[in-house]
Every structure is written in C-alpha cells, then in structure tokens.
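A.B. asks: here's my sequence, what's the structure:
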Amino acid sequence: MLTRDQLLSNRLPEIEIDMPEFNGTIRARGLTAGEALEHFETMGEKTRIEAISQLIAVSVIDDNGEKVFQNGDAETIGATWPNSALQRAAFEIMKLNGVDLEKNLSAIEGEDLSSD
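C.D. replies: As a prediction, the model looks like this:
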C-alpha cells in the first residue's frame, strides 16, 4: 500500500515524442488534476487548434522539468507548427493524460487542424 508521503511526492508521468519535422524530440509531462480540469473545461470556448496548441504549450518541458513555453506561445505554436507535428504531439500528450482517444480522436486525427 502506498504511503501518504509517496502519494504526495509522486512525479507526473513524462514522455519523449519524436518530432522529425524539427529534427529532434520533445519531452512532455502529464497534467496535474487541476491543470487538466482547467484545460478541458475551457476547450468549448476555444477552436480545436487553440485547445490543442494550449495543451502542447502547458505540457512540453525541458530536461529539468521546467516548462519550455511561456504564456502566449500557444498561438505561435498553432500558427507555425506543421500539422503533422501538431497532431503527433497532441495525440501523445492526450494519451499520456488518459484522454479517451476513441471518443476524442476526430479532434486530432484525419483533419488539417491548421484550417480551424
């Protein structure tokens, strides 16, 4: 059985995502429960491209676990990243966060998200 200390000191899961469009990889971390609620509750107020770009912006971290992107970078991500890179990163980050991909797949697969 896990102890209180173990439960309160748990690190968020991380994943490396291959990004051939940028000739490298990115590291993303899972969202805390509070971050996930905030993000997914406001999705209806945003276009798909805005919601997905914001998810990427809050999830991508450096080797020290610090966020790579600053507030406001989500718009630039959506406007400049290739669609294939956006979809791959979003798919892997959503999977890392336990999102029901069967239910939400149409938001990131088979559509050109840059047209939103």
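A.B. asks: longest helix in the protein, please.
C.D. replies: Scanning the chain for the helix with the most residues, using DSSP state H, yields helix 83-96.
A.B. asks: so which bits of that helix are buried?
C.D. replies: Of the residues in helix 83-96, A85, L86, Q87, R88, A89, A90, F91, E92, I93, M94, L96 count as buried by neighbour count, 16 or more other C-beta atoms under 10 Å. Just so you know, the C-beta spots here come from the backbone N, C-alpha and C atoms, and that holds for glycine as well.
A.B. asks: where do the helices sit along the protein?
C.D. replies: Along the chain, counting by DSSP H, helices occupy 4-8, 33-41, 48-59, 73-80, 83-96, 101-104.
A.B. asks: most packed of those?
C.D. replies: helix 48-59 (a mean of 23; mean count of other C-beta atoms under 10 Å).
A.B. asks: which elements pack onto that one?
C.D. replies: strand 24-29, helix 33-41, helix 73-80, helix 83-96 (3 or more C-beta pairs under 8 Å, 6 or more residues apart in numbering; DSSP states H and E).
A.B. asks: try it again with 10 Å
C.D. replies: Secondary-structure packing of helix 48-59 (3 or more C-beta pairs under 10 Å, 6 or more residues apart in numbering; DSSP states H and E): strand 14-19, strand 24-29, helix 33-41, helix 73-80, helix 83-96.
A.B. asks: quick one, it and helix 83-96 angle?
C.D. replies: 60 degrees (axes from the mean of the first three to the mean of the last three C-alpha atoms, to 10 degrees).
A.B. asks: from K46, how far off is the closest residue to E35 other than its chain neighbours?
C.D. replies: Counting by C-beta to C-beta, 6 or more residues apart in numbering, V58 is the residue found nearest to E35 once chain neighbours are left out, at 6.4 Å. To K46, V58 is 13 Å away according to C-beta to C-beta, to the nearest Å.
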